[in-house]
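Enquirer: could you look at this predicted model? Sequence included:
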Amino acid sequence: MAEAVNAGHTSVVIPAFNEAASIAAVVRDLTSAAPWFEILVIDDGSSDATGAQAAAAGARVIRHPYNKGNGAAVKTGIRQATGEFILIADADGQHRPADAARLVARLDDYDLVIGARSGRTQSTLARRLGNALLNGIASYLTEQPIPDLTSGFRAARRDCLLEFLHLLPNGFSTPTTTTLAFMRAGYSVRFEPVDADQRVGVSKIRLGADGFNFFLILLKVMTIFSPLRIFAPISAAAFLLGAAYGVWTIVTQAHITNSSVLLILASVVILLVGLVSEQISSLRIEGRR
């Protein structure tokens, strides 16, 4: 019952770039799965018939004049959506329509619901290993278990997404940013287990370059919301290294070196910067609310 009720208040946002082979089937399958408030396809400057196929299948199509990036398309969809809830799904056919309705049904109790893919349904071994590394880093930074940081399949309250719209990048790191931002801001986040089907066509994500960008986004978001989780370990490492080196030089050379003193001073400076950043972060979050 909650699935149908929430779906009636949900805008489905589908960013699409050169997905003519799959987009019509995605729109039709979603339409048959639940009575959505609206389905928006953001044609991100495609050079094929993506927009035409989506419109023929019944979606409302919003076209970018040129390719801006997956994140930019998602932001356009969030701005144009008029539903109380927003469901973001990929245009490549990976996400199952039945799972979409299940995610939205959870929005009675949660502010963000993420379709967490099982390891066996993620595409390649290299990508599984990369995602596992990012999940581990993100779990440490947020102090909460994160089974799937990069899943683009998610449902959220629109007003909560608008709060963090200015943080979202134009590239492929939108899922990473929204997950960390929601968790560090104290919103309720749920990871709902889903299976992903084989995508139609070739992935637009470049494992090396985009993987490094995901890591940078992790650091960027955490320095905004919880900077001490970054600064404190660096400060501690510098202090321990300086102290250990100082003890060794006293024992072996009967004096302490400038290098040891500089490392210890650097650790103090880093910790102080972290403390000031933490205070600024707290004021910033409280001010936005």
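Expert: Happy to help now that I have it.
Enquirer: mind listing the helices for the stretch 151-289 of the chain?
Expert: Assigned by DSSP state H, counting those that start in this stretch, the stretch 151-289 of the chain shows helices spanning 158-163, 174-184, 207-225, 228-253, 258-288.
Enquirer: poorly predicted segments of the stretch 1-150 of the chain, please.
Expert: Counting by pLDDT under 70, the low-confidence segments of the stretch 1-150 of the chain come to 1-5, 119-128, 130.
Enquirer: mind listing the helices for it?
Expert: Counting by DSSP H, counting those that start in this stretch, the helices of the stretch 1-150 of the chain are 2-7, 23-33, 50-56, 70-80, 97-105, 125-142.
Enquirer: in TSV: these, plus mean neighbour count and distance to Ser282.
Expert: For the C-beta atoms, the positions are set from N, CA and C on the backbone; glycine is no exception. Shown next, in TSV, are the helices of the stretch 1-150 of the chain (neighbours: other Cβ atoms under 10 Å; distance: least, Cβ to Cβ, whole Å):
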stretch	mean neighbour count	distance to Ser282
helix 2-7	18	33
helix 23-33	20	40
helix 50-56	21	43
helix 70-80	21	26
helix 97-105	21	31
helix 125-142	16	16
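Enquirer: columns distance to Thr249 on top of the ones you listed, output as a markdown table?
Expert: Below are these laid out as a markdown table (distance: least, Cβ to Cβ, whole Å):
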| stretch | distance to Thr249 |
| --- | --- |
| helix 2-7 | 65 |
| helix 23-33 | 65 |
| helix 50-56 | 65 |
| helix 70-80 | 50 |
| helix 97-105 | 59 |
| helix 125-142 | 33 |
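Enquirer: for those helices, which one sits closest to His166?
Expert: Smallest distance to His166 across the helices of the stretch 1-150 of the chain (Cβ to Cβ): 9.4 Å, for helix 70-80.
Enquirer: against which helices or strands is the closest one packed?
Expert: Applying 3 or more Cβ pairs under 8 Å, 6 or more residues apart in numbering; DSSP states H and E, we find helix 70-80 packed against strand 10-16, strand 38-43, strand 60-63, strand 85-88, helix 158-163, helix 174-184.
Enquirer: tell me which of those sits nearest to Val27.
Expert: Set against Val27 and scored by Cβ to Cβ, those come closest in strand 38-43, at 6.0 Å.
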